[in-house]
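**Student:** Here is a sequence together with a model predicted from it:
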Amino acid sequence: MADEKENNFRVTDRRKFNADGSPRDQDSESQAAAAASDPAAPQPIPNPSSESHPADAPSNVVSFPAGEPSRKREQASGPIASPTAGTSSAPAEARQSAAARDDQGAAEEAFNTAAGPRSAGVPEASFLNLLNMLAVEAAMHLGMIHPQGQEPLPVDLESARHLIDLLGMLQTKTRGNLTAEEGGLLENILADLRMQFVAVSKA
């Protein structure tokens, strides 16, 4: 009778992922196989994740890593709003206003330094002088006055109207902020120029 030879079969799990979806340690698998064939070989340290999922679990059951549900809850709830979101931009606007005031102050200081002392022939800047300047120019365009020793300028109703509108705008914008002298002068200038404009336009 022929000697029967016992055939030893060794099954090796070559799957690259564990049942929980984590990658399998190929070195551990090879060590386990070697340990099965060689009892004297050192035993591998068990993987905690494999202990939580028994080897005899059904192969058709899909499990997820422990951290997955928490990530899904975070995605469902959306990103956490920043505590500073939607707050007022008042501090930024205040900083911009302060910077603008600093720039204006520096520009004024540089201008005063460059301008030097005022010339004696130049009148002082005042609201009354501004009204007189605009009124004289409007009167010249209406033919009411002309520079001494020069021919009168041709009548220009459009330029005269523009200057009269500027004086009217000043009256509206400065109402309540003028002295009695300034308010009275502006009112008289506007009345005279408007009446002269009507007379010239009808001529």
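**Tutor:** Alright, I've got the coordinates.

**Student:** looking only at pLDDT, what's the mean for stretch 20-35?
**Tutor:** When pLDDT is averaged along stretch 20-35, the result is 61.

**Student:** need the longest helix for the chain.
**Tutor:** helix 90-115 (DSSP state H).

**Student:** what helix or strand does His146 sit in?
**Tutor:** Under the criterion DSSP states H and E, no helix or strand holds His146.

**Student:** roughly how far apart are it and Arg161?
**Tutor:** To Arg161, His146 is 19 Å away according to CB to CB, to the nearest Å. (Each C-beta comes from the backbone N, C-alpha and C, glycine too.)

**Student:** So which of the two has more stuff around it?
**Tutor:** Neighbour count, other CB atoms under 10 Å: between His146 and Arg161, Arg161 has more, with 17 against 12.

**Student:** so the more buried one is in which element?
**Tutor:** Assessed by DSSP H and E, Arg161 sits inside helix 157-173.

**Student:** I'd like the next helix or strand past the longest helix of the chain.
**Tutor:** helix 127-141.

**Student:** relative to helix 157-173, how tilted is that next one?
**Tutor:** Using axes from the mean of the first three to the mean of the last three CA atoms, to 10 degrees, the inter-axis angle of helix 127-141 relative to helix 157-173 is 160 degrees.

**Student:** Point to the helix or strand of the chain where mean pLDDT is at its lowest.
**Tutor:** helix 48-52 (a mean of 48; mean pLDDT, DSSP states H and E).
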